Each structure stands twice: as C-alpha cells, then as structure tokens.
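Participant: Have a look at this prediction, sequence included:
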Amino acid sequence: MNGAFGVVIVAGVLPADGFAVLALAATWVLVALGLHFTFGMLGIVNLAHGEMLLVGGYVALVVHTSGRSIVTAIVLGGVVAALSGAVMDVAILRRLRSRPLDTLLATFGVAVVLRQTIQLLAGPNPRALVDPIGRSLDLAGMVIPAWRGVVVLITLLLVATLHVLLTRTPLGLAWRAVAASPHLAASFGLRAQRTRTAIVAVGSGVAGLAGALLAPLSTLTPQFGTRFLVPAFLVVILGRAGSLKGLATAGVILGGSLAAAQFAIDAVAAEILVILLAVVLLRLRAIGEGRPRMP
Amino acid sequence: MSGDGPTGLAAHGLTVRSGRRVLVDDIDLVVGRGEVLGLAGTDSTSCSALLEGIAGLRDREGLVTVDGRTIPAGRPDVASRLGVVLGPTGGSTITGLTVAEHLSVAATVGRITEGIELGGAIQHLCVARADQIAGTLSGGERRLLALAMIARTRRRVVLLDQPSEGIAEALVPELVAALRSFAQDAAVIVADSDPRLLDAVVDRVVVLDGGHVVTAGGHGRIPTRSMLASPDHLNSRP
C-alpha cells in the first residue's frame, strides 16, 4: 500500500521534476541507511548518526584536498566513519547494553565531541568538496548536477548490496540473529558483542559514505550532519525497523513528497507537510508493528 | 579436576548471583555422557540461572568443565565450541527469523549439516513450516523447533529449560525420544518438573531450593509434585 502511494506521488510530478523527486528520495534513503543498522537492528538511538555523515564528508574533503582521487576520498570517508563507530561501540555503548536511555545520552555526547573536534580542526567556515563530475544534466528544462544521478545509482547499489548481505549470506543471518536475540544467538555460539560492534561499524560506515557522497551537493560546515538526523529517523521509524524494503519505501514516500511539495508549494510548507505526512502514516500503521525493538 | 572420567559435564562450586540475590549457591554437579539429569525446584529462576551459568551466558563463580576442558565464565562462544548447547525456551526464539533460518543458525554454529532422526511432528514443522516466521509459532511449536535446532549442533552437553512447557500431551513421547537421542552422545540436563518427562527419560533428579541442592536421587527418589510444591517435606537446607 505504501509502495503504491509512493509511486503515485512520484508519478504525479513526472516527467518534468521527476528526476529531482527521485534524487531527493534517494538522498533520504541514503541518509537513513546507516541509521537503519544501528537503530533498526540494535535499537540504539544513535544521535551521533549525523556526525558520522559529517566525519565522512570532512575526511573525504581532506583526502581529496591532499591530492588523492575522489573515489579514494569517498571510500576513506566511509572507512574512517566505520572506525569511529566501532570505537564508539567498544569504548562506550558496549558498557550500556540494555540501557537505551543512557545509550541515547552517550551518543549525544559523542555527537557533540565529534562536531566540536571537527570545528577545532577544520574551523567553523563552510568548506566545499568539489563536484567530482562538474557537469549538469538538462532534463526537460531542469538543470541538475550529474553527480546527483551518480548518488542515486550508488544508493540503489548500496541498498541492493546490503539486502543481499543480510538475507542471502551466513554473515547476514548471524547479524540478524544477534540483532533479534543476543542471548539466544550467544547460546548457539555467535559472538554477540563482536557482532553488535560490527553492525554499529557498518551503520556508521554507510553514514560516512553518505556524508562523503552528499558533500559535493552542498557545503560542509560542522553542522552538516545535524540536519540529516530528523529525515533519517523519520524514514527508519516509518520504514518498520529491521526491514530494508520498508526503509526504501519510506524514504521514497517522505523524500519524494518533500521534493514534490517543494515544487508545488514552497520549501518551508513542504517540510511541515512532510512531518505531518509522517505523523499520519505512523498513526495509520498498526501500532506495535512498526515499533522498533529495544534490546 | 572433579569428574567421573574424561567425558561429560562437571561443575564445581558453581555460584550464580542476580544482584545481591544468590540464585545458585556453591553447587557441585557431575553429568556423564549418556546420562540425563533432571533439575527440579520451586524456583525456576534458579534452575535457569544454573543452566545459563554452565553455558557461560551469565557471570558465575566456580569451575565448569566439559570433557575435562574448562569453560571460562562469560564466554558462551567457548562453551558452544566445546559442544554446550542451551535449548531456546519458548519465548526466546529469534522472532523475526523463519524456521529454516533458525535451523541454519544452529547448523552454522554446530558445523554439521546432518542431524539425528527426530519425531514426525518435529520433522513436519521443519519442512512444511520452513518459511514461517518463528515468532508466529505457538509456544509448543517453538519448543519443538528448539529440539530441532539442538539436533543440528555438534553437541556434547545439552541443557534444556522447561522443554515440556506448552507441549501437547500427544507430543510428549516425541520430546522423550528427542531427549533420549541427545543422550546418546551428550550429557543432558533437563530443568523440568513434569512427571511424564522425569519418569520417562531422567536417570537422576536434583532438587534445588534457595539455590541449594536439597535432594538428589535416582528413579526411586524422584520427588512428586506435592513435594515440589512444599519443599518443607524435603529434608531442607543444609
């Protein structure tokens, strides 16, 4: 039902603004993908999610400025964010298992530390990561950076890869087992602590990758990550925690309608409308069905 | 090292706490391979704590060995590698995974693909309901799934917590048969006070009260339900 709704919204504005809608929808999915791992699978409300995007963006900037290729820069952005996530889990979150509220506060602390560290190192002024392609596409009068198209493709690729990893491989099965029941998984010999750290690292790494991919489309400031936090949480909660298909659907609905509403009305009204839409859709869903598990 | 030879499970001075409460207090246990030990008691929390302590899933004191090799506390992975398997209880199936995926989880870890022959109802559950989400199974069906999972592991010590709960009368013989086949190559501890089960498969029974062993004996001394309900009848705490 949700999927059909999304298609109607997207189709409603095709073809003229269709690509822009698709691009924003993909952005929302991309931004939420990492959070899907930490929140959707482990129930960790990771308020440092936005800062993982920030880390990815700045690492990519620094690496690219030092003369490496943009691909290396983006990949390293993801890797450093994944390492940050792993360190955060081992040093802090691992001690707070089954204490969701303390975990939330701790990730808030990590977010502040990461943000301030980046501000100290890179300064508060906006920086720009150069557009890797630098050309624009002219789609029926709409001029869109070609990089947006690449981001859409990479998002699709990432979702597909993670889907296959989670549903078709023994590793993914072990991850899902640990996420669903650490105790039971442990009694069948799975290393629950290690697996949870790996999941947090993958979530953070995907967020870092998202940050690095999205950085060329806007400017990098120490507040770069913060604005993605609300969209990411909306998509993950609406997309039924734990299901990649739901995540993609929710991203397309919310991101797509935001873009559509931006064209139809104006930017501020569109944001209000999307929040309202999320509230209504959440109420329509069976209560409990979409509620994330808390460990 | 205490034990009745090289094979089986031995626990020495096993103590498990929950906060300040002592759930299992300095217990010695020996279960040889091929033997089924019944664990009964008024407090099922203590029984669960004992099993989880052995499986390394809870902090504990004391020495636990399998075939002479030590299981460190808090290392369920080591316990699992040594062949200790704690059967999932009814509520704790991995709810979001399918029946088939549960069996793969057990088999991946157990590193064997071929299980032992199980009863018809269990086989039927594994085949006909393979794609059903385990969270939607009934309590009794989850117990059967747990047995099928255990059957797929490379087991040396099988620990079962209340396996008869939710099992229909007609399926008790299947549960009994499964326990017997586990006992062929493992030491088995069953925490259950169902006399249908205790009478049929259990070699010895240990009764826990307040974390202590209050009575231990063979078939002739299996406590009745009324004795379990009011442990004062038993020769109480040491």
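Facilitator: That came through, no problem. The model shown is predicted, which means the values in this text are computed figures rather than measured ones.
Participant: my hunch is that A:Tyr58 is in a helix, does that hold up?
Facilitator: Yes. Residue assignment for A:Tyr58, taken from DSSP: H, G, I helix; E, B strand; the rest coil, places it within a helix.
Participant: Quick check, it in contact with A:Leu220.
Facilitator: Yes. With contact defined as Cβ atoms under 8 Å, A:Tyr58 and A:Leu220 form a contacting pair (6.3 Å). C-betas here are computed from N, CA, C, even on glycine.
Participant: Those two: which has the busier surroundings?
Facilitator: Each of A:Tyr58 and A:Leu220 has its neighbours counted (other Cβ atoms under 10 Å in any protein chain shown); A:Tyr58 has more, 28 against 23.
Participant: got the contact list for that one?
Facilitator: For A:Tyr58, the set of contacting residues under the criterion of Cβ atoms under 8 Å, 6 or more residues apart in numbering or on different chains consists of A:Gly77, A:Ile118, A:Leu121, A:Ala122, A:Arg127, A:Leu220.
Participant: just to revisit the earlier point, what's the overlap in contacts for A:Tyr58 and A:Leu220?
Facilitator: The contact lists of A:Tyr58 and A:Leu220 share A:Ala122, A:Arg127, where a contact means Cβ under 8 Å, 6+ apart.
Participant: can you give me the mean pLDDT across the strand or helix carrying A:Arg176?
Facilitator: Secondary-structure assignment from DSSP states H and E places A:Arg176 in helix A:170-180. When pLDDT is averaged along helix A:170-180, the result is 89.
Participant: With stretch A:114-126 instead?
Facilitator: Stretch A:114-126 shows a mean pLDDT of 92 in the predicted model.
Participant: Rebuild the contacts of A:Tyr58 as TSV, extending it with distance to B:Gly34 and secondary structure.
Facilitator: What follows is those, written out as TSV (distance: Cβ to Cβ, whole Å; DSSP: H, G, I helix; E, B strand; the rest coil):
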residue	distance to B:Gly34	secondary structure
A:Gly77	58	helix
A:Ile118	63	helix
A:Leu121	65	helix
A:Ala122	67	helix
A:Arg127	70	strand
A:Leu220	67	strand
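Participant: could the residues you listed be laid out in a markdown table, adding distance to B:Val172?
Facilitator: A markdown table is the format used below for the contacts of A:Tyr58 (distance: Cβ to Cβ, whole Å):
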| residue | distance to B:Val172 |
| --- | --- |
| A:Gly77 | 59 |
| A:Ile118 | 64 |
| A:Leu121 | 67 |
| A:Ala122 | 69 |
| A:Arg127 | 71 |
| A:Leu220 | 66 |
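Participant: What is the nearest of the residues you listed to B:Gly19?
Facilitator: Distance ranking of these against B:Gly19, using Cβ to Cβ, places A:Ile118 first at 41.7 Å.
Participant: For that closest one, give its distance to A:Val59.
Facilitator: Here the distance between A:Ile118 and A:Val59 works out to 10 Å (Cβ to Cβ, to the nearest Å).
Participant: These two: who's more crowded?
Facilitator: More neighbours surround A:Val59 than the other of A:Ile118 and A:Val59, with 25 against 22 (other Cβ under 10 Å).
Participant: pLDDT score assigned to the closest residue to chain A within chain B?
Facilitator: With Cβ to the nearest Cβ as the measure, the residue in chain B that lies nearest chain A is B:Ser80; the distance is 2.9 Å. The predicted structure scores B:Ser80 at 88 on the pLDDT scale.
Participant: Give me the below-cutoff pLDDT ranges for the stretch 151-295 of chain A.
Facilitator: A:240-242, A:285-295 (pLDDT under 70).
Participant: hey, where'd the helices end up in the chain?
Facilitator: Looking at chain A here, since you left the chain open. Secondary structure of chain A by DSSP state H: the helices cover A:2-13, A:18-35, A:49-65, A:70-91, A:100-122, A:146-168, A:170-180, A:182-187, A:192-214, A:226-238, A:244-264, A:267-284.
Participant: oops, chain B please
Facilitator: Secondary structure of chain B, counting by DSSP H: helices at B:44-54, B:76-81, B:99-110, B:120-128, B:139-151, B:172-185, B:195-201, B:225-229.
Participant: so what secondary structure elements neighbour the fifth one?
Facilitator: Think helix B:139-151. When contacts are defined as 3 or more Cβ pairs under 8 Å, 6 or more residues apart in numbering or on different chains; DSSP states H and E, helix B:139-151 packs onto helix B:99-110, helix B:120-128, strand B:157-161, helix B:172-185.
Participant: Equivalent analysis for the second one, please.
Facilitator: In terms of contacts (3+ Cβ pairs under 8 Å, 6+ apart), helix B:76-81 is packed against helix A:182-187.
Participant: what does the longest one give?
Facilitator: Packing contacts for helix B:172-185, counted by 3+ Cβ pairs under 8 Å, 6+ apart, involve strand B:36-41, helix B:120-128, helix B:139-151, strand B:157-161, strand B:187-191, helix B:195-201.
Participant: got the angle between the third one and strand B:157-161?
Facilitator: Meaning helix B:139-151. Relative orientation of helix B:139-151 with respect to strand B:157-161: 170 degrees, computed using axes from the mean of the first three to the mean of the last three Cα atoms, to 10 degrees.
Participant: CA-only coordinates of helix B:139-151 in PDB, if you can.
Facilitator: What follows is helix B:139-151, C-alpha atoms only, in PDB (Å, rounded to 0.1, in the frame of the first residue of the first chain):
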ATOM      1  CA  GLY B 139       4.600 -22.000  22.500                       C
ATOM      2  CA  GLY B 140       4.700 -25.700  21.900                       C
ATOM      3  CA  GLU B 141       5.900 -25.400  18.300                       C
ATOM      4  CA  ARG B 142       8.700 -23.200  19.500                       C
ATOM      5  CA  ARG B 143       9.800 -26.000  21.900                       C
ATOM      6  CA  LEU B 144       9.800 -28.400  19.000                       C
ATOM      7  CA  LEU B 145      11.900 -26.000  16.900                       C
ATOM      8  CA  ALA B 146      14.300 -25.700  19.800                       C
ATOM      9  CA  LEU B 147      14.800 -29.500  19.800                       C
ATOM     10  CA  ALA B 148      15.300 -29.500  16.000                       C
ATOM     11  CA  MET B 149      18.000 -26.700  16.500                       C
ATOM     12  CA  ILE B 150      19.800 -28.700  19.100                       C
ATOM     13  CA  ALA B 151      19.700 -31.800  16.900                       C
END
